[in-house]
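Chemist: give me a 3D structure for the following:
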Amino acid sequence: MVLVMILLFALWPVLSVCFTYLVAEATGCVVNEAGINPCLVLGQDIGGVLYTTGVMGWFMLVTLPLGGGALIVWPVMLIIHRLAWRRTQPGGAA
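Modeler: Here you go, the predicted structure:
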């Protein structure tokens, strides 16, 4: 469960950008970081939402390294915890 949360944290900006460009391509809208472009879908302008979710991609500069580090540290901590727990159990390895 923790590993799934780490992956979601690390990949959320990537998923956000993928969502943005999938919606923009499907609706024929233009999305760029220079500003908000109008994008009408079912009578609603979602240009601001697409701009926000597209710019969220910059967060991956922080989340990918942090998530990658957490993916390395978490299994190491589990192994250390397992070894320490085994030593405290009766009949455990010395």
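Chemist: identify the residues contacting stretch 35-53?
Modeler: Applying C-beta atoms under 8 Å, 6 or more residues apart in numbering, the external contacts of stretch 35-53 come out as Ser16, Val17, Phe19, Thr20, Val23, Ala24, Thr27, Cys29, Val30, Val31, Glu33. The way it works is simple: take the backbone N, C-alpha and C, and place the C-beta from them, glycine included.
Chemist: ok, the second one - contacts?
Modeler: Under the criterion of C-beta under 8 Å, 6+ apart, the contact list for Val17 reads Thr53, Gly54, Met56, Gly57, Met60.
Chemist: before we move on, the earlier item: looking at pLDDT only, which of the contacts of stretch 35-53 scores worst?
Modeler: pLDDT across the contacts of stretch 35-53 is lowest for Glu33, at 89.
Chemist: where does pLDDT dip in this protein?
Modeler: When residues are selected by pLDDT under 70, those of the chain lie in 91-94.
Chemist: quick one: list the elements packing against the longest helix belonging to it.
Modeler: Longest helix of the chain, by residue count under DSSP state H: helix 60-88. Packing contacts for helix 60-88, counted by 3 or more C-beta pairs under 8 Å, 6 or more residues apart in numbering; DSSP states H and E, involve helix 2-27.
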